[in-house]
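Novice: Provide a 3D model corresponding to the input given below.
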Amino acid sequence: MTPPQATQAGPSAPAGDPLPAVSLCVLKTLQNRSDFLKANHGRRQSTAAFTLQARQRDAAECDPALIRVGFTCSRKVGNAVARNRAKRRLREIARLVLPGLGCAGWDYVLIGRPQSTATRPFDALLNDLTTAVQRIHTAKARP
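Specialist: Sure, this is the predicted structure:
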């Protein structure tokens with residue numbers, strides 16, 4: 001008996017399944033305080049569950065193909081458990097929405113709000129971020 005041959009999709013993938021889609025833009029997390037402060041001076045769009053700040057980077061600052069995103073929640077959101085839960089939810093909606101709607105060469109900062117970021121339904125959070133990003137890029141946001 002001969003061993004089975006591996007397909008191009010890999011030995012564990014079924015033969016007829018297509019490969020998963022890969023996003024062309026890369027999300028990178030903001031970590032420096034100066035990047036958060038620079039985003040604070042950019043465009044801003046508030047929603048029921050969070051505030052989105054965005055700014056277009058200079059070409060010399062970072063790779064222009066990257067979308068950088070940061071997350072923050074103050075102590076007003078709650079104790080460490082509540083803040084971490086809120087930031088996890090913000091990270092997930094950013095992972096789902098920004099590769100499709102975000103613009104390469106931009107920094108985005110999502111700021112959690114007390115009693116709403118952690119408790120708002122997930123579908124509503126997704127809709128909020130989609131609307132906020134679209135408004136940021138159509139110049140309806142406050143400069």
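Novice: what's the single longest helix in the chain?
Specialist: Assignment by DSSP state H gives helix 80-101 as the longest helix of the chain.
Novice: That one packs against which elements?
Specialist: strand 26-29, strand 66-72, strand 106-112, helix 122-137 (3 or more C-beta pairs under 8 Å, 6 or more residues apart in numbering; DSSP states H and E). Placement of C-beta: from N, CA and C, glycine included.
Novice: ok, the residue nearest the centre of the chain - contacts?
Specialist: For the chain, residue 94 is the residue whose C-alpha lies nearest the centre (C-alpha atoms, centre = their mean; 2.2 Å). When contacts are counted by C-beta atoms under 8 Å, 6 or more residues apart in numbering, residue 94 touches 27, 69, 71, 108, 110, 129.
Novice: before we move on, the earlier item: can you list the helices and strands packed on helix 80-101 in TSV and add distance to residue 85?
Specialist: Compiled in TSV, the helices and strands packed on helix 80-101 are given as follows (distance: least, C-beta to C-beta, whole Å):
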stretch	distance to residue 85
strand 26-29	18
strand 66-72	12
strand 106-112	9
helix 122-137	12
